[in-house]
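Engineer: 3D model of this:
(chains A and B)
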Amino acid sequence: MFLDVLVCAQHRGIRPDGTCPNAVDCRKFEDVVSKCIRTVFYASPLLNPLALSRAWCLYEIMKTIRYGKELLVVLSESDREDLKGLISNNFDRIETMFSSIKSANAQATHQEDEDMIFEMIRRDLGANGVDGFKMLDDAVSGRMRAWMAQSGAKFAKESEDADLYTSVGQLLKNLARFDEAELLYRSALVIKEAAHGPEHSNVASMLNNLAGLLVDQGKYDEAEPLYRRALVIREIVYGPDHADVAKTLDDLANLLRVQGKYDDAEPLFRRALMIREAIHEPDHPDVVTTLNNLANLLYAQGKYNEAEPLYSRALANREAVHGPDHPKVAVALNNLAHFFAEQGKYDDADPLYRRALAIEEAVRGPDHPDVATTLNNLADLFVDQGKYDEAEPLYHRALVIREAIHGLDHADVATTLNNLALLLKNKGKYDNAEPLYRRALVIREAVHGQDHPKLAITLNNLADLLVDQGKYDEAEPLYRRALAIQEEVGGEPDHPDVATTLNNLAGLLYRQGKYDEAEPLFRRALAIEEAVHGPDHPKVGSLLNNLATVLKDQGKYDDAEPLYRRALAIWETIYGPDHPNVAIALNNLATVLKDHNKYDEAEPLFRRALAILEAALGPGHPNVAISLNNLAFLLRRQGKYDEAEPLFRRALAIQEAVHGPDHPNVASSLNSLATLLAAQGKYDNAEPLYHRALVIREAIHGPDHLNVATTLNDLASMLKDQGKHDEAEPLYRRALVIREAVHGPD
Amino acid sequence: MSLIIKKLAKISRRKHTWENSVAFIAPNEDTRLPMVHRGVRLVMLRNLLSDLKELERDDINSGQFLNGVHTKDSATDWQEFNPDLDEYSGKACCLHTGLSIVETMILAGMTHDSITGEAYFADIDTFVSYTWRGESASLRALLESVEDALSADGIGVRCHT
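Structural biologist: Predicted coordinates for the structure are as follows:
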């Protein structure tokens, strides 16, 4: 073996040729590691392995990892005994003990050694903008966690001790080694049932632990009966008002919330809260946990104003109890960030997600499912802000983690595939998005069966994509299958998910001009949302908005206007006056006013919407482009061509910058600008824009899409105005054929 | 009976002027034994442990082993090295060669256990990463742990990278 204290020359004498034997030997460490079978890493003292703060040791581990050698962690004899105690009794310490590795802070006795090692870390691990020190920290802590898990498994195997099984199971669970953890939990349950009988409190604890593990794996149906059995035992053993009863109530309610069973969950949360508040002080972590969970439920029910203070309180409490870098703090940060994101408070959400991510990466390692979840959330935030290029690599990283941890066919993999597909759809990369949706569909069919609500969600998503591609005939049966699952198989015709699909299907029918079919579906969806969430929920606002749009397009302006005004009022109340959704409502209301020739009323609303979006999303966001278009259309209608043109041009520039030159939104902007130029008689300027729009629309949607018909019609009109009747006629005829095919002859 | 340390110290004292704490300048690299051939075997570690016990140095760390039991800090120990204060320190034992302990032992012909005949050295197959100073940095504890881990029924825990 290689022990530098024995193997290396230690005197620092310099030879006449300027070389120093000690320096020569030290520079051969990499070569030695590469030639060894293994590296033995001496990790004592256990609670503060000094070697992890020494630059040379980190360097040696780095090289061991780099050359794919075995890393053998050893402890002193006394530390080996302490390790058992630590695994059995001190999980919080284990959670955080390797997160403090900071190679950038490591030291060497001699400054020149430190400089050399740091330079190697930067050079060897830090290429292409990657932080080499962070990479090394992640690699070392990952290996140390794996070692800890392996030690625990070894101790458990030797012991046949149910408590140690449970502790090690928890350790493995935290490392996302769910299958191994489940095996240990189930073994511990068997041992405890045999030792104490089926109704002992220890059995209830084990049932609760196992159920929690199953929830982490998405095995909700398996988890629920275990929680219910644990609850029954605990109520019998302890009576109805015991802390352990509250724990199971809280866990079970959380599971029901995740399953969307809000009405079942709420009374359990409230009972758990009542018990915990009676037993503990108001700021006890258990009380705060239930408050946090209840906040999640309130949030899901759209009761945002009630949820926010609970989230903030939970975060402050967890920071106070666990310190700023604990995984529970990361969960609270995620919750509050998600809340802010949904409120459109992106700047508030962003740093919270990033802090949560940093904690999880440091404590859990970079490849943990919790990291994947936060990556997903942060990517969602970027998508909401139109920052697609920043979001995409995060989704990809989340997908890699989830595939590695759970396998290719896990439900969480399907979720990330869905998210990534949605991103690609938004970028206009329909061909890339579709296979991801279809893969998610296959996974969910395999995991959940043919009739599961999650399958309906993916059917909905895929149908949305097909709608965007103009493949209405393919989309409709998917929506109807989703609806059937949700209505008939789910057995809940008034579930909010039914309303979502009704809304989407109605949207499809609306796009096809089937207003009479769309309207009752929007009305039914609205009735469901009002019944489930009450009259002031944001989803009610969305449906009011959609229904109003159908009515407006049927010329029923007087019916549409009050619905738009109600939607606006709801969103202003829920989100505040400066939320992007408020801008959407303002835009729509302004549009109906414009169509009703109330230009003076419409213009300030369009301008307010634009100001909101520019402030909330930045001047380059695609929704700003839509808002610019709307205002420009109004100005054009008023004959204010000079004011309209720069707005159309700015909208076009945004769309091209965000989506590239061949996106359908670019085609829309080209068409709009061309129409304006044509109206001003600038035919030579307009014509190439029409042709470019036509090329894009035919390429994206195919030659028989309604958008193609629109451009054909507009171009034909311009040619007609120029007296070029022979050129105009075939375009008009082609547009007519398309519209008859899509809408029918009437 | 000390098997290694006292013997090396005696040779070094005989070959090097004791007043001079500057080591002999080691020969050129191409005449040295290549690093990969300087691996130590468990038998050598066991004998070294035995020596430490005999010298009542059970609790010294690697820094003290090399620079002297009187030294305390890695930042200064190499300056505090003084063979008069600790003739059995690793550096004192190698003053006459300027080389490593392994190379110095080989030059002195100390290549096998004098009782069993087992070889002390072999090609390197295991790199040991550890610290020289600080809490739990006792050389004895380190060597015992490594020996345990590498012996047939060792209790070290393997973790494939």
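
Engineer: Is the closest residue to A:Pro577 other than its chain neighbours within a helix or a strand, and which one?
Structural biologist: In this structure, A:Pro577 finds its nearest non-sequential neighbour in A:Ile612, 7.9 Å apart by Cβ to Cβ, 6 or more residues apart in numbering or on different chains. No exception for glycine: its C-beta is placed from N, CA and C like everyone else's. In this structure, A:Ile612 sits in helix A:599-617 according to DSSP states H and E.

Engineer: Tell me the helix or strand right after that helix.
Structural biologist: Sequence-wise, the next helix or strand downstream of helix A:599-617 (DSSP H and E) is helix A:622-637.

Engineer: Outside of that following helix itself, list whatever touches it.
Structural biologist: If you take Cβ atoms under 8 Å, 6 or more residues apart in numbering or on different chains as the criterion, helix A:622-637 is touched by A:386, A:580, A:583, A:587, A:590-591, A:594, A:599, A:602-603, A:606-607, A:609-610, A:613-614, A:617-618, A:641, A:643-645, A:647-648, A:650-652, A:654-655, A:658-659, A:665, A:668-669, A:672, A:675-676, A:679.

Engineer: Residue 78: neighbouring residues, count only.
Structural biologist: With no chain named, the answer covers chain A. For A:Ser78, the count of nearby residues is 13 (other Cβ atoms under 10 Å in any protein chain shown).

Engineer: Switch to chain B, please.
Structural biologist: Neighbours of B:Trp78 (other Cβ under 10 Å): 18.

Engineer: backbone phi and psi for it, please?
Structural biologist: Main-chain dihedrals, B:Trp78, degrees, to the nearest 10: phi -70, psi -30.

Engineer: neighbours around the residue nearest to A:Ile654 when sequence neighbours are not counted, how many?
Structural biologist: Residue nearest to A:Ile654 in three dimensions, not counting chain neighbours: A:Ala625, with 4.0 Å by Cβ to Cβ, 6+ apart. When neighbours are defined as other Cβ under 10 Å, A:Ala625 has 29 of them.

Engineer: The residue nearest to A:Pro577 contacts A:Ala585, doesn't it?
Structural biologist: No. Between A:Ile612 and A:Ala585 there is no contact under Cβ atoms under 8 Å: 10.3 Å.

Engineer: So, low pLDDT: which residues of chain A?
Structural biologist: In the predicted model, chain A carries pLDDT under 70 at residues A:91-92, A:94-97, A:99-100, A:126-130, A:302, A:448, A:488-493.

Engineer: Break it into its domains for me.
Structural biologist: Following automatic domain parsing, one gets these domains for chain A: A:33-153, A:160-279, A:618-743.

Engineer: Quote the end-to-end distance of the second one.
Structural biologist: Across its full length, domain A:160-279 reaches 35 Å end to end, with Cα to Cα, to the nearest Å as the criterion.

Engineer: And chain B, is that domain touching that?
Structural biologist: No. Applying Cβ under 8 Å from any Cβ of the partner chain, one finds domain A:160-279 out of contact with chain B, separated by at least 12.4 Å.

Engineer: now stretch A:669-685, how far from the chain's geometric center?
Structural biologist: Offset of stretch A:669-685 from its chain centre (Cα atoms, centre = their mean, to the nearest Å): 41 Å.

Engineer: What residues sit buried inside that stretch?
Structural biologist: A:669-679, A:683 (16 or more other Cβ atoms under 10 Å in any protein chain shown).

Engineer: any idea where the strands of chain B begin and end?
Structural biologist: Ranges of strands in chain B, per DSSP state E, are B:39-40, B:121-122, B:126-129, B:157-160.

Engineer: Where among those is average confidence lowest?
Structural biologist: When the strands of chain B are ranked by mean pLDDT, strand B:157-160 comes last with a mean of 44.

Engineer: mind listing the helices for the stretch 101-250 of chain A?
Structural biologist: Taking DSSP state H, counting those that start in this stretch as the criterion, the stretch 101-250 of chain A contains helices spanning A:111-125, A:132-159, A:162-174, A:178-196, A:201-216, A:220-238, A:243-258.

Engineer: How about chain B?
Structural biologist: Along chain B, counting by DSSP state H, helices occupy B:5-15, B:42-54, B:62-67, B:77-80, B:90-93, B:101-107, B:139-150.

Engineer: what comes into contact with the third one?
Structural biologist: Meaning helix B:62-67. Identification of contacts with helix B:62-67 by Cβ under 8 Å, 6+ apart yields A:5, A:10, B:52, B:57, B:70-71, B:73-74, B:77-78, B:80-81, B:89-91, B:130-133, B:137, B:139, B:142.

Engineer: Including mean pLDDT, could the helices of chain B go into CSV?
Structural biologist: Converted to CSV, those look like this (pLDDT from 0 to 100):
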stretch, mean pLDDT
helix B:5-15, 91
helix B:42-54, 90
helix B:62-67, 93
helix B:77-80, 82
helix B:90-93, 94
helix B:101-107, 96
helix B:139-150, 86
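
Engineer: that older thread, so which of A:Ile612 and A:Ala585 has more stuff around it?
Structural biologist: A:Ala585 (27 against 24).

Engineer: element containing the closest residue to the more buried one other than its chain neighbours, please.
Structural biologist: Spatially, and ignoring its direct neighbours in sequence, A:Ala585 is nearest to A:Leu568 (3.9 Å; Cβ to Cβ, 6+ apart). Element membership of A:Leu568 [criterion: DSSP H and E] is helix A:557-575.

Engineer: on contacts alone, who are the packing partners of that helix?
Structural biologist: For helix A:557-575, the contact count by 3 or more Cβ pairs under 8 Å, 6 or more residues apart in numbering or on different chains; DSSP states H and E identifies helix A:538-553, helix A:580-595 as packing neighbours.

Engineer: Pipe those helices into CSV and attach distance to A:Ala23 per row.
Structural biologist: Converted to CSV, those look like this (distance: least, Cβ to Cβ, whole Å):
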stretch, distance to A:Ala23
helix A:538-553, 68
helix A:580-595, 62
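
Engineer: What is the burial count for B:Ser145?
Structural biologist: 25.

Engineer: Please list all residues in contact with it.
Structural biologist: Counted by Cβ under 8 Å, 6+ apart, B:Ser145 has contacts A:42, A:44, A:74-77, B:156.

Engineer: Out of those, list just those in strands.
Structural biologist: Mapping the contacts of B:Ser145 onto strands (DSSP E) picks out A:42, A:74.

Engineer: out of the contacts of B:Ser145, who's nearest A:Asp17?
Structural biologist: When the contacts of B:Ser145 are compared for distance to A:Asp17 (Cβ to Cβ), A:Tyr42 wins out at 35.6 Å.

Engineer: Bridged to that closest one, which residues?
Structural biologist: Judged by DSSP bridges, the bridge partners of A:Tyr42 are A:Val74.

Engineer: I am assuming it contacts B:Trp132, so please confirm or correct that.
Structural biologist: No. Using Cβ under 8 Å, A:Tyr42 makes no contact with B:Trp132, being 11.0 Å away.

Engineer: who has more neighbours, those two?
Structural biologist: Using other Cβ under 10 Å as the criterion, A:Tyr42 and B:Trp132 rank with A:Tyr42 on top: 27 against 22.

Engineer: ok, now which ones touch that one?
Structural biologist: By Cβ under 8 Å, 6+ apart, A:Tyr42 lies in contact with A:51, A:74-75, B:128-131, B:142, B:145-146.

Engineer: Please apply the same query to A:His242.
Structural biologist: A:234, A:275.

Engineer: So it versus chain B, what's the distance?
Structural biologist: To chain B, A:His242 is 39 Å away according to Cβ to the nearest Cβ, to the nearest Å.

Engineer: residues touching B:Met44, list them.
Structural biologist: The contact partners of B:Met44, taken as Cβ under 8 Å, 6+ apart, are B:4, B:113, B:120-121.

Engineer: quick check, nearest of those to A:Ala176?
Structural biologist: Ranked by distance to A:Ala176 (Cβ to Cβ), the contacts of B:Met44 are led by B:Phe121 at 44.0 Å.

Engineer: show me the contacts for that closest one.
Structural biologist: B:37-41, B:44, B:102, B:106, B:111.

Engineer: With only the CA atoms kept, save the helix holding A:Ile612 in PDB.
Structural biologist: Extracted in PDB, the C-alpha atoms of helix A:599-617 (Å, rounded to 0.1, in the frame of the first residue of the first chain):
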ATOM      1  CA  TYR A 599     -62.600  52.500 -28.800                       C
ATOM      2  CA  ASP A 600     -62.100  55.200 -26.100                       C
ATOM      3  CA  GLU A 601     -62.900  52.700 -23.400                       C
ATOM      4  CA  ALA A 602     -60.800  49.900 -24.900                       C
ATOM      5  CA  GLU A 603     -57.600  51.900 -25.400                       C
ATOM      6  CA  PRO A 604     -56.600  52.500 -21.800                       C
ATOM      7  CA  LEU A 605     -57.300  48.900 -20.900                       C
ATOM      8  CA  PHE A 606     -55.000  47.700 -23.700                       C
ATOM      9  CA  ARG A 607     -52.400  50.100 -22.500                       C
ATOM     10  CA  ARG A 608     -52.700  49.000 -18.900                       C
ATOM     11  CA  ALA A 609     -52.400  45.400 -19.900                       C
ATOM     12  CA  LEU A 610     -49.300  46.100 -21.900                       C
ATOM     13  CA  ALA A 611     -47.700  48.000 -18.900                       C
ATOM     14  CA  ILE A 612     -48.500  45.100 -16.600                       C
ATOM     15  CA  LEU A 613     -47.000  42.500 -18.800                       C
ATOM     16  CA  GLU A 614     -43.900  44.600 -19.600                       C
ATOM     17  CA  ALA A 615     -43.300  45.100 -15.900                       C
ATOM     18  CA  ALA A 616     -44.100  41.500 -14.800                       C
ATOM     19  CA  LEU A 617     -42.500  39.600 -17.700                       C
END
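
Engineer: Many thanks, have a good one.
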